[in-house]
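A.B. asks: Structure, please.
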Amino acid sequence: MSAVPPGRALRRPASLVPVDLYDAAGVTRVELPEEPAGLKEKLRRLTAEPGGLDSHDACLGLWLWERWQPALEPIGYTRDQFVDEVVRTRREQLLWIRGERQWDHFVTGLAGRVLRRAPAGAATSLGQDGGGASPG
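C.D. replies: Residues are numbered from 1 along each chain as shown. Here you go, the predicted structure:
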């Protein structure tokens with residue numbers, strides 16, 4: 001990760017761009033949703049309670065499944081498999097919930113994780129804006 005020179009701010013994209021998942025059958029587009037501020041606040045309150053996030057760790061996965069289901073089912077994901085992948089990102093979720101990681105970084109990383117762990121023989125590379133770049 002490169003350091004930002006003193007006095008220079010990191011540039012944030014104006015809006016999130018779609019991520020394309022490429023598989024043998026073609027392209028599956030995953031739209032990166034805007035940050036769910038209300039859900040984030042609810043999860044932030046839960047992290048203050050003992051075991052609070054443990055009892056609600058599937059919330060974000062279910063929220064994203066509603067948006068990504070049409071793209072993920074054709075590459076072999078079930079709702080439970082996807083939610084399990086999201087739950088496994090608990091550390092990254094906590095960084096986002098606490099404001100230590102930006103939503104676009106979190107959700108883009110999650111899309112990459114989902115791609116890498118897709119059920120057998122599904123997606124093979126990840127690109128943005130139709131670029132088709134393969135991970136190295």
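A.B. asks: just the strands in the protein please.
C.D. replies: Under the criterion DSSP state E, the chain carries strands at the ranges 19-23, 26-30, 125-128.
A.B. asks: Going by mean pLDDT, which of those strands comes out lowest?
C.D. replies: When the strands of the chain are compared by mean pLDDT, strand 125-128 comes last with a mean of 38.
A.B. asks: Tell me how many other residues crowd R45.
C.D. replies: By the measure other CB atoms under 10 Å, the count of residues near R45 is 11. Every C-beta, even on glycine, is put in place using the N, C-alpha and C of the backbone.
A.B. asks: same deal with I75?
C.D. replies: Per other CB under 10 Å, the neighbour tally for I75 reads 20.
A.B. asks: do D80 as well
C.D. replies: Using other CB under 10 Å: D80 sits among 11 other residues.
A.B. asks: Please apply the same query to L43.
C.D. replies: 21.
A.B. asks: Excluding chain neighbours, what is closest to it?
C.D. replies: Closest residue to L43 apart from its sequence neighbours, by CB to CB, 6 or more residues apart in numbering: I97 at 4.9 Å.
A.B. asks: what pLDDT does the one you found get?
C.D. replies: Taking I97 on its own, its pLDDT is 93.
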